[in-house]
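> Curious how this folds, go ahead:
(2 chains)
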2 protein chains.
Amino acid sequence: MTAANAVGPGAVVADLRRMLRPDQVLTDAASLDAYAHDDAEWAPFEPPLAVVLAEREEDVSAVVRLAAASGLHVVPRGAGTGLSGGANAMARSIVVSLERMTSIVEVNADERYVVAEAGVINDTLREAVAAHGLWYPPDPASYRISTIGGNVATNAGGICCVKYGVTGDYVLGMRVVLADGDVVALGRRTAKGVTGYDLTALMVGSEGTLGIVTEVTLRLLPLGGRDERAVVGSFGSLRAAGVAVAEITAAGIVPAALELIDRTCVEAVDAWQSLGLPHGVDTMLLAKVDEVGATGEALAASVARIMAEAGAISVAQAADGADADRLFLARRLAYPALERLGPVLTEDICVPRRAVPEMLSRIQATAAEHDVLIANIAHAGDGNLHPLIIAPEGDDAAKDRAKLAFARIVDDCRALGGTVTGEHGVGLLKLPGAREELGERVIALHAAVKRALDPLGTLNPGKAFPE
Amino acid sequence: MTAANAVGPGAVVADLRRMLRPDQVLTDAASLDAYAHDDAEWAPFEPPLAVVLAEREEDVSAVVRLAAASGLHVVPRGAGTGLSGGANAMARSIVVSLERMTSIVEVNADERYVVAEAGVINDTLREAVAAHGLWYPPDPASYRISTIGGNVATNAGGICCVKYGVTGDYVLGMRVVLADGDVVALGRRTAKGVTGYDLTALMVGSEGTLGIVTEVTLRLLPLGGRDERAVVGSFGSLRAAGVAVAEITAAGIVPAALELIDRTCVEAVDAWQSLGLPHGVDTMLLAKVDEVGATGEALAASVARIMAEAGAISVAQAADGADADRLFLARRLAYPALERLGPVLTEDICVPRRAVPEMLSRIQATAAEHDVLIANIAHAGDGNLHPLIIAPEGDDAAKDRAKLAFARIVDDCRALGGTVTGEHGVGLLKLPGAREELGERVIALHAAVKRALDPLGTLNPGKAFPE
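Okay, here's the model as predicted:
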């Protein structure tokens, strides 16, 4: 049976109930609503026909087979923390949630890898491997709630990326349910390996459009040998902070974190929970270095000196890990502080490092021009900016202006040599920007790969790249 | 015109001569012979119809278009230093060499990347970026003669991989000539970016079967901030050296190099150029750490102590970089010392680190059983072994025994959870092992991707994966 021989939704739901336990198949309105979209509520979505709570790889495979035979679509989902709409449901779709697949299959300290089911929470995995003296670096802001499968499907980044890379840099292999329901193991568990095409890398970041990742094998680092030191600078202007970022890079320093929060963020956080910041603070720069001993001490001192020379109003150095956490408080509070002001439309542009101050200036201009509130959290060391466009709840006109501002920011980013998404993925929100960025010939390559691996368009169609 | 409407070879050569300058099209017997294969002379090859020395992307594109229209194949080639036959010519093929495309297009110190044409020699690129205070880590043994395009096409490794990863870990983007002659830019120049599928990673290691890489953008590290210290242990047995490797890893140390050479290598090197080694040396372990200052000093001391505790006959520590080079002399001389004994059939297996001693024991048993000489160079810290099977020149019976030993080693590697190729690529030599390792369903995925991007089979067919 092919997509041409579509089967009615009712019959499919009945089939699902026969194949799985009753509590694995949700069709009540509240559940369909809860699973209809991820954190990108600004992107389009429709309620799915059903939500399946998969507990085993076989469940995922069975649902995909059924969907393929019935001309339906499967939308895979981890914790639903995505910010681009990659897990948003569509017409004639079944949402397959992997949140119940939470086994940590193996932690191998000799080879330094972990094998985990897709539904394991990033932070749970992090703690499990730490007990073996190992470290999994990728730390998306959602690490306490997002799943490792979702991290892989979006190639999630985080604060550590500037030194330690993104999720994909740690994926050695995976088990994947293909578009026909077949299951394959891709990649390897050895430290190196180049047998055949790197289909593992092709799957990473493909947002469930080429296969559904059910299990991942992740490379780990030793937990020890690092000694975190935080340095936080408060600046009177965006430009001064931008100079500090550029000079830190130019000095050949690769910090373990280099985050920037702008005036709108600082004000929102300070209004919510007073930080006791010195007067006149416009922009904060939060750096970490993690070299041990005298080397780390010297690097932290260099970062502090560069910040001071760039004109920081004040520079604080953490004495220990707890003190570092305190200094990074403003960064951690930024997103929730802003969400208090209204629904947030999150951008994820990445520009050349040198272009960060110029990009931030243009964003300020766009905010003024379109009369919207835009706050900026930036992984400044990577040039990865998250302009957060905030429209007051229920203000449709502001929402429309926010969408115009979103498009303008993407255009400016492209003009400065940037990319439309640094770490959140294209999903649905970034399809127009991705069309510009990729160009028709490269989009045709994407479509050819998609057709080759999913000829019926069963898996999450319409996401990840513009057709 | 399609493959079905094949055009005669003579007409095609005439077309090539019209399209290019006369000195860019070689058809004399000596040239066809010289370009008929890479360094894997044990793999099958046939002379090409012509060799084209491309000087511009447009040359590559024109040749691919002509080949596609004439039902011919294009075999791309860098320096021809490959060890798996990936650049071996075949019937009805045109070899396109990129060795004349040697421009370094841009070195960007702010963003830490380099843009280089495919024909730039690895070492030339390394020196060019060093002049800007930058470092390109991947260091295949061939780095003084191999091209960066070939490194990317095979996802080449090297000694630094144990700490710094392989070529693919540094590829941000590329320009590629597709199977229809169209040219696309893939990837990015920003530090992060996840727009669309990671087609850049798909191209890396695909051995020119999906596209011909004409230009690459490579991520770089700061040149400074490292201080190389070498520690070399001489062991009386393979097992003692294996224990040292395992204990270094277990101590959470990530060395910048951890190489092993076995008794056959040690003897070949010592017979050629006396190393003044202590009596009874069977296996040498060569380590480097590159942390600066007291940290590096302490790590080097730990490595030395672990070697001594594992039973090393002697342990030497280098006082400086020149001293470190002297200590690594045996490693550098190993391959040429062995080539003096006869043609070398090179394996490239990668096993779990813990399995290195067992794998080496099995290789010794295979050598005895098949009456062949097998020497081992190993990137021990990665579990990546290069058993070098040597047959005396002109001894066909020994050559047949060598091939049997090759297959047996691959079987043993697979049984220990290893992969058939750690860094050299499948090419032609590893097709049988790759068939075992990948399995039919994953091979079908490879074939689907190949058909999607190269429906006529124009680009280097029959390489990289078994059809």
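
> contacts and neighbour counts: CA atoms only from here.
OK.

> which bits of the stretch 301-450 of chain A sit near chain B?
Within the stretch 301-450 of chain A, the positions near chain B by C-alpha under 8 Å from any C-alpha of the partner chain are A:350-354, A:382-384, A:417-426, A:434, A:438, A:441-442, A:445-446, A:448-449.

> Point out the ones among those that are inside strands.
Judged by DSSP state E, strands contain the following of those: residue A:384.

> Would you point out the helix or strand in chain A whose mean pLDDT is lowest?
When each helix and strand of chain A is scored by mean pLDDT, DSSP states H and E, helix A:321-327 comes last, with a mean of 75.

> buried stuff in the helix or strand following that helix?
Downstream of helix A:321-327, the next assigned helix or strand under DSSP states H and E is helix A:329-339. Within helix A:329-339, the residues that count as buried by 16 or more other C-alpha atoms under 10 Å in any protein chain shown are A:330, A:331, A:333, A:334, A:335, A:337, A:338, A:339.

> Going by distance to residue B:83, which of the residues you listed wins?
Nearest to residue B:83 among those, counting by C-alpha to C-alpha, is residue A:331 at 50.2 Å.

> isn't the closest one right next to residue A:261, touching?
Yes - using C-alpha atoms under 8 Å, residue A:331 is in contact with residue A:261, at 6.9 Å.

> Residue A:301: neighbouring residues, count only.
By the measure other C-alpha atoms under 10 Å in any protein chain shown, the count of residues near residue A:301 is 15.

> same thing with the one 3 residues further on?
For residue A:304, the tally of surrounding residues (other C-alpha under 10 Å) stands at 24.

> how's chain A carved up into domains?
Split into domains by automatic domain parsing, chain A comes to A:3-97, A:104-222, A:229-415.

> Of the ones you listed, which is nearest residue B:274?
When the domains of chain A are compared (using C-alpha to C-alpha), the closest one is domain A:104-222, at 33.2 Å.

> Are that closest one and chain B in contact anywhere?
Yes - counting by C-alpha under 8 Å from any C-alpha, contacts between domain A:104-222 and chain B involve A:109-111, A:154-155, A:162, A:169, A:184-186, A:188-199, A:201-206, A:222.

> How much space separates residue A:345 from residue B:8?
Distance of residue A:345 to residue B:8, computed by C-alpha to C-alpha, to the nearest Å: 60 Å.

> Mind checking which of these two has more residues around it?
Counted by other C-alpha under 10 Å, residue A:345 and residue B:8 do not tie: residue A:345 has more neighbours, with 25 against 12.

> Thought residue A:390 was touching the more buried one, still the case?
Yes - using C-alpha under 8 Å, residue A:345 is in contact with residue A:390, at 6.3 Å.

> Quick check: neighbours shared by the two?
Contact with both residue A:345 and residue A:390 is made by residues residue A:402, according to C-alpha atoms under 8 Å, 6 or more residues apart in numbering or on different chains.

> Do me a favour and get the end-to-end distance for stretch A:283-296?
25 Å.

> so where's the stretch 1-150 of chain A shaky on pLDDT?
Low-confidence segments of the stretch 1-150 of chain A (pLDDT under 70): A:1-7.

> mind running it again at 50?
Applying pLDDT under 50 to the stretch 1-150 of chain A flags residues A:1-5.

> Just the strands from it, written as ranges.
A:25-26, A:50-53, A:73-77, A:93-97, A:104-108, A:113-117, A:134-135 (DSSP state E, counting those that start in this stretch).

> hey, which of those is tucked in deepest?
strand A:73-77 (a mean of 29; mean count of other C-alpha atoms under 10 Å in any protein chain shown).

> orientation of that one relative to strand A:93-97 in degrees?
Interaxial angle, strand A:73-77 versus strand A:93-97 (axes from the mean of the first three to the mean of the last three C-alpha atoms, to 10 degrees): 30 degrees.

> Packing partners of strand A:73-77?
Where contact means 3 or more C-alpha pairs under 8 Å, 6 or more residues apart in numbering or on different chains; DSSP states H and E, strand A:73-77 is packed against helix A:57-70, strand A:93-97.

> any chance of those in a markdown table, plus distance to chain B?
What follows is the helices and strands packed on strand A:73-77, written out as a markdown table (distance: least, C-alpha to the nearest C-alpha, whole Å):
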| stretch | distance to chain B |
| --- | --- |
| helix A:57-70 | 15 |
| strand A:93-97 | 22 |
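
> which of the ones you listed is buried the deepest?
Mean neighbour count, computed with mean count of other C-alpha under 10 Å, is highest for strand A:93-97 among these, reaching a mean of 27.

> picking up where we left off before, list the buried residues of the least confident helix or strand of chain A.
A:324, A:327.

> In terms of secondary structure, what does it contact?
Taking 3+ C-alpha pairs under 8 Å, 6+ apart as the contact cut, helix A:321-327 packs with strand A:229-235.

> Of all the residues in the following helix or strand past the strand it packs on, which ones are buried?
With elements assigned by DSSP H and E, the helix or strand that comes after strand A:229-235 is helix A:238-250. Of all the residues in helix A:238-250, those buried under the rule 16+ other C-alpha under 10 Å are A:238-250.

> any chance of those in a markdown table, plus pLDDT?
Output for the buried residues of helix A:238-250, formatted as a markdown table (pLDDT from 0 to 100):
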| residue | pLDDT |
| --- | --- |
| A:238 | 87 |
| A:239 | 85 |
| A:240 | 93 |
| A:241 | 94 |
| A:242 | 89 |
| A:243 | 91 |
| A:244 | 95 |
| A:245 | 93 |
| A:246 | 88 |
| A:247 | 92 |
| A:248 | 94 |
| A:249 | 87 |
| A:250 | 86 |
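
> residues contacting residue A:45?
A:36, A:37, A:88, A:89, A:90.

> Pick out whichever of these sits closest to chain B.
Within the contacts of residue A:45, proximity to chain B (C-alpha to the nearest C-alpha) peaks at residue A:88, which comes in at 17.2 Å.

> right, and the closest one touches residue A:42 too?
No - if you go by C-alpha under 8 Å, residue A:88 and residue A:42 don't touch, sitting 10.4 Å apart.

> Residue A:293 contacts residue B:295, doesn't it?
Yes - contact between residue A:293 and residue B:295 holds when scored by C-alpha under 8 Å: they sit 7.0 Å apart.

> Settle it for me: which of those two has more neighbours?
residue B:295 (19 against 14).

> For that one, what are phi and psi?
Main-chain dihedrals, residue B:295, degrees, to the nearest 10: phi -60, psi -50.

> From residue B:226, how far off is it?
From residue B:295 to residue B:226 the distance is 11 Å (C-alpha to C-alpha).
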